[in-house]
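> After the sequence you'll find the predicted model.
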Amino acid sequence: MNFSTKFRLSLMMFMEFFVWGSWYVTMGTFLGTNLAASDGDISLAFATQSFGAIIAPFVVGLIADRYFQAQRILGVIHLVGAWLMYRMYESGEFSEFFPFLLVYMILFMPTLALVNSISFNQMTNPAKEFSIVRVWGTIGWIAAGILISAFSWDSPEGLAEGLLRNTWLMTSIVSLAMGLYSMTLPETPPKSKREGEFRLSRALGLDALAMLKDRNYTIFFISSILICIPLAFYYQNASPFLTEIGVKNSTGKMALGQVSEVLFMLALPIFFYRFGLKKTLIVAMLAWASRYVLFALGDADSGLWMLMGGILLHGVCYDFFFVSGQIYTDSHAGQEFKSSAQGLITLATYGLGMLIGFWAAGQISDYYLNPAGLHDWKSIWLVPAGISVLVLLFFISFFKREKEPSHQ
């Protein structure tokens, strides 16, 4: 892959995740402060990600990616997304805002697969080339968070003036640029021309259900779904939590979690091959429990270091569980189920697991809301900490040590 192609794909990844990071991190805070949304409303808004993850295989696998070039689908989705984002920017209440968000996420979630498809189609050695391109997506997410805090949209003064609404306008503009830019990307033929006959069961990952006959993989599969419940608490509650307790530049500070993600992504192969799958997953689940305990005990003053520690653990939490889990799934699936297996685990975690998690986070947050409109955050964060410990104990008890992958 030459430098020009690598640059174009890297810019695509940067813009794709800049678009997502521009609104996703602060949406809970925006809905609470600008639209007076309840915790139940906020959990419903975040659940649109799960709805999108469940419907995405139909949008890409069944319709779009079978008949149209991937880069053109990507462009059209982002152009429509720009209009939807502008409508959300103009919305004055949650009932008006939510339908636009739901349609947007159903359209947006498939783009995560499309940018990968476009990238892989240009690579001769994806194992070595993809990470160099994909890391720019994480940098785009980080840049969005830093920019929001640099503009002080998430500051107490900015929130009082309703400036956080500008995140939707910024996303609309960048999404428009992304839509136009996508049309210039390298051609990626429809899968129907590359992979032969289409089967819905393969697109949805249902072929890989045969893998669940293996006891160890079933334990891992169940653990993956369950660990997404505490994961949803972080995505949904972290920004409102930091904002409510008075942490300055909270969005910029949360972007450090993605910096951590980049660093631990580099450390993962060494740790994975040195200590094996089981220990890697155990460390990840311990990190989940530890992060939420730190959130429960920390504050915006002398306990700020605890909050920062919890944020910086994001790389361990995410990379050591989900990325190593993808590696495990790929090696366990064999050639027959490689594509289906990744589709199945994504559908189960980002679809089912996080859907349950967002609902639970909304119920717990609403339960610990006092009449003054403030949350008992210590009690809220101890719930996902406890769930993480229970998932850890389940995994340790039933997952048996197995032969580790080759170092080659």
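Everything's here; your move.
> Tell me where the stretch 101-250 of the chain is predicted with low confidence.
Counting by pLDDT under 70, the stretch 101-250 of the chain shows low-confidence ranges at 127, 191-208.
> can I see the domain layout of this protein?
Listed domain ranges for the chain are 1-198, 199-408 (source: automatic domain parsing).
> just the helices in the stretch 201-350 of the chain please.
215-244, 250-254, 256-297, 304-312, 314-318, 324-346 (DSSP state H, counting those that start in this stretch).
> So what touches the fifth one?
By Cβ atoms under 8 Å, 6 or more residues apart in numbering, the surrounding residues in contact with helix 314-318 are 231, 234, 257-265, 283-284, 287-288, 291. Glycine gets a C-beta too; all of them are placed from N, C-alpha and C.
> before we move on, back to that, can you put the domains of the chain in TSV and add mean neighbour count?
Output for those, formatted as TSV (neighbours: other Cβ atoms under 10 Å):
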stretch	mean neighbour count
domain 1-198	19
domain 199-408	19
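> For residue 144, which of the helices of the stretch 201-350 of the chain is the nearest?
helix 250-254 (8.4 Å; Cβ to Cβ).
> which residues are contacting that closest one?
25-26, 145-146, 148-150, 153-154, 238-239, 242-243, 247, 307-308, 311.
> Residue 302 versus residue 76, what's the distance?
Residue 76 sits 51 Å away from residue 302, going by Cβ to Cβ, to the nearest Å.
> any idea how far residue 374 is from residue 175?
Taken as Cβ to Cβ, the span from residue 374 to residue 175 is 35 Å.
> now swap in residue 2 and tell me
28 Å.
> and what of residue 167?
Plainly put, residue 167 is 12 Å away from residue 175 if you go by Cβ to Cβ.
> ok, now residue 99?
Using Cβ to Cβ, we find residue 99 at a distance of 18 Å from residue 175.
> same deal with residue 282?
In this view, residue 282 and residue 175 are 40 Å apart by Cβ to Cβ.
> do residue 379 as well
Distance from residue 379 to residue 175, by Cβ to Cβ: 38 Å.
> Kindly report the same for residue 392.
39 Å.
> do residue 261 as well
Taking Cβ to Cβ, one finds residue 261 at 23 Å from residue 175.
> Residue 212 too?
Distance from residue 212 to residue 175, by Cβ to Cβ: 38 Å.
> close enough to count as contact, residue 350 and residue 225?
No. Counting by Cβ atoms under 8 Å, residue 350 does not reach residue 225; the two are 10.3 Å apart.
> Figure out the helix or strand that residue 387 lives in.
helix 377-398 (DSSP states H and E).
> Could you do residue 153 as well?
Counting by DSSP H and E, no helix or strand carries residue 153.
> Quick check: it touching residue 167?
Yes. Under the criterion of Cβ under 8 Å, residue 153 makes contact with residue 167 at 6.5 Å.
> who touches both of those two?
Jointly contacting residue 153 and residue 167 under the rule Cβ under 8 Å, 6+ apart are residue 26.
> how about the nearest residue to residue 81, chain neighbours excluded?
Nearest-residue entry for residue 81: residue 175, 4.6 Å, with adjacent residues in sequence omitted and distances by Cβ to Cβ, 6 or more residues apart in numbering.
> Next: residue 104.
Distances taken as Cβ to Cβ, 6+ apart place residue 84 nearest to residue 104, at 4.4 Å, with adjacent residues excluded.
> quick one: the one you found and residue 105 touch, right?
No. At 9.6 Å, residue 84 and residue 105 do not qualify as touching, with contact defined as Cβ under 8 Å.
> picking up where we left off before, list just the nearest of the contacts of helix 314-318 to residue 128.
Of all the contacts of helix 314-318, residue 265 has the smallest distance to residue 128: 14.4 Å, by Cβ to Cβ.
> how about the closest one, what does it touch?
Taking Cβ under 8 Å, 6+ apart as the criterion, residue 265 is in contact with 131, 135, 315, 319, 323.
> how near is it to residue 135?
Using Cβ to Cβ, one obtains 8 Å as the distance from residue 265 to residue 135.
> Equivalent analysis for residue 23, please.
Taking Cβ to Cβ as the measure, residue 23 falls 22 Å from residue 135.
> Next: residue 332.
Distance from residue 332 to residue 135, by Cβ to Cβ: 26 Å.
> Who are the contact partners of residue 303?
residue 297.
> tell me the pLDDT at it?
Looking at residue 303, its pLDDT reads 92.
> before we move on, what about the one 5 residues further on?
What the model reports as pLDDT for residue 308 is 95.
> Likewise for residue 58?
At residue 58, the model reports a pLDDT of 67.
> Pop out the phi and psi values for residue 68.
phi -130, psi 160 (degrees, to the nearest 10).
> contacting residues around it?
residue 190.
> Next: residue 399.
Residues in contact with residue 399 (Cβ under 8 Å, 6+ apart) are 216, 219-220, 223, 278, 281.
> Let me know the closest of those to residue 18.
residue 281 (30.6 Å).
> Surely that closest one and residue 324 touch.
Yes. With contact defined as Cβ under 8 Å, residue 281 counts as touching residue 324 (6.6 Å).
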